[in-house]
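Q: sequence and predicted structure below; questions after.
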Amino acid sequence: MSTSIRFKLSFMMFLEFFIWGAWFVTLGTFLIQNLQAEPFQISNVFSTQSLGAIIAPFIIGMIADRYFNAERILAILHLVGAVLMFQMYKATDIATFYPYVLVYMILYMPTLALVNSVSFRQLTNPETQFSSIRVWGTIGWIIAGLAISFLFRWDSPEGAQEGALRNTFLMAGIASAVLGLFSFTLPKTPPIKVDSAEKPSFASIIGLDAIKLLKDRNFLIFFISSILICIPLAFYYSNANPFLVEIGLSNATGKMAIGQVSEAVFLLLLPVLFVRFGFKKTILIGMLAWVVRYLLFAYGNAGDLSFMLIIGIALHGICYDFFFVSGQIYTDSKAGVKYKSAAQGLITLATYGVGQLIGFWVAGFIGDKYQSIKETDVAAFWQQTWIVPAGIAFVVMILFMILFKNEKIESKTV
């Protein structure tokens with residue numbers, strides 16, 4: 001792979017995740033401070049990510065993969081996304097904001113698969129080359145958070161008074177326009193020509209062909225656990241930044257970037273740990289990390305116990321990698337050659353689609369239930385809020401520990 005192509009792919013990844021990190025981390029705080037959104041309104045906005053994840057396979061599998069070059073549709077989606085970001089930047093109420101964010105997420109979620117498609121088509125040895133390209137996405141997300149907190153200070157108390165978080169959409173929109181234009185310079189990635197008889201159906205693309213894997217008791221337990229553990233995950237996405245800002249942790253968005261650093265580190269360590277502990281123990285460690293993280297959030301504070309919050313943020317690598325990445329490895333090993341893609345599609349639909357959709361609704365319900373507490377005691381409100389996902393994660397962990405039978409996993413991914 002030439003230096004020029006490596007640079008283009010790395011810059012593409014950097015911008016792809018810079019865009020997401022530039023507005024999504026602080027979205028909950030923005031909705032509360034700028035649009036005075038209620039808990040259920042906030043959960044509905046975050047649910048657009050899940051709706052986008054459900055619709056994304058149709059856009060990619062049924063349209064992009066058959067009729068258009070991947071880099072061209074990537075360009076068009078990001079250029080349209082830039083316009084939508086500008087509309088979100090100008091929105092003054094939740095009713096105006098919601099349609100734009102819904103359309104944006106429906107268009108953005110497919111780009112996550114498109115950047116991978118463009119990359120893999122250029123790599124001669126994806127197993128060794130892709131990680132060095134993908135890591136620039138994590139760096140992009142981290143840089144976005146650091147810029148918000150330490151460069152522009154949009155999440156500071158002074159920024160809150162000025163409604164400065166609105167600027168995150170402008171920053172993301174500019175980056176989206178840059179990536180849209182830059183995508184036209186990416187290596188040409190035309191659709192792979194196949195016989196009409198071999199073209200996958202929509203059912204196979206979203207993973208329905210892999211439904212038969214659920215006949216395996218262990219895989220069924222893992223599948224259900226994957227959906228349920230996404231409920232606590234949704235609490236983190238929608239509540240973490242508002243929580244840290246409201247209890248007074250300085251530079252909250254920048255400090256949340258510690259989670260992405262942790263994710264990158266544990267991603268590199270996971271193959272070794274997976275072999276050492278095995279699949280079941282690795283998954284259980286990930287689930288336990290969710291429980292510990294939320295208890296740390298529940299009982300930590302921005303003063304003498306702020307270290308508890310930092311540890312909770314740093315646990316993101318274990319929470320995410322040990323469950324979701326290990327789960328992808330497990331799914332790959334169980335599916336067999338014929339159903340590998342379908343099985344991964346099924347798990348993605350179940351987690352990012354159904355699981356998180358339920359999770360965002362539950363988070364909205366809990367936020368609305370305890371809203372009266374928040375009016376008099378913010379710390380007590382957040383303590384009650386975080387205990388709920390901690391309890392859910394604990395129950396899922398116990399059920400998985402009891403019901404899932406240990407088995408040896410062999411996969412080329414490890």
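A: Structure received.
Q: wait, doesn't Ser117 sit right on Phe68?
A: No: Ser117 is not in contact with Phe68 according to Cβ atoms under 8 Å; the separation is 11.3 Å. Just so you know, the C-beta spots here come from the backbone N, C-alpha and C atoms, and that holds for glycine as well.
Q: number of nearby residues for Phe130?
A: Around Phe130 sit 16 other residues, with neighbours defined as other Cβ atoms under 10 Å.
Q: could you do Ile143 as well?
A: Other residues near Ile143 number 18, with proximity taken as other Cβ under 10 Å.
Q: and it, what is it in contact with?
A: Residues touching Ile143, when contacts are defined by Cβ atoms under 8 Å, 6 or more residues apart in numbering, comprise 14, 18, 21.
Q: for this structure, which element, helix or strand, carries the lowest mean pLDDT?
A: Lowest by mean pLDDT, DSSP states H and E among the helices and strands of the chain is helix 202-205, with a mean of 61.
Q: now the top helix by length along the chain: mean pLDDT?
A: Once the chain is assigned using DSSP state H, the helix that runs over the most residues is helix 252-299. The average pLDDT for helix 252-299 rounds to 91.
Q: same for it, what does it pack against?
A: Judged by 3 or more Cβ pairs under 8 Å, 6 or more residues apart in numbering; DSSP states H and E, helix 252-299 is in contact with helix 126-146, helix 217-246, helix 306-314, helix 316-320, helix 326-348, helix 378-403.
Q: flag the shaky bits of the protein, pLDDT-wise.
A: Counting by pLDDT under 70, the low-confidence segments of the chain come to 59-66, 127, 192-209, 336-342, 409-414.
Q: tell me the domain ranges of it?
A: Taking automatic domain parsing as the criterion, the chain consists of the domains 1-191, 202-414.
Q: now the helices and strands packed on helix 252-299 in CSV, with distance to Val362?
A: Shown next, in CSV, are the helices and strands packed on helix 252-299 (distance: least, Cβ to Cβ, whole Å):
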stretch, distance to Val362
helix 126-146, 25
helix 217-246, 5
helix 306-314, 20
helix 316-320, 18
helix 326-348, 20
helix 378-403, 8
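Q: out of those, deepest packed?
A: Mean neighbour count, computed with mean count of other Cβ atoms under 10 Å, is highest for helix 316-320 among the helices and strands packed on helix 252-299, reaching a mean of 24.
Q: export that one to CSV, keeping only CA atoms.
A: The C-alpha trace of helix 316-320 is given here as CSV (Å, rounded to 0.1, in the frame of the first residue of the first chain):
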residue,chain,number,x,y,z
HIS,A,316,-14.9,2.1,29.0
GLY,A,317,-12.2,0.0,27.3
ILE,A,318,-13.1,-3.1,29.4
CYS,A,319,-16.8,-2.4,29.2
TYR,A,320,-16.9,-2.2,25.4
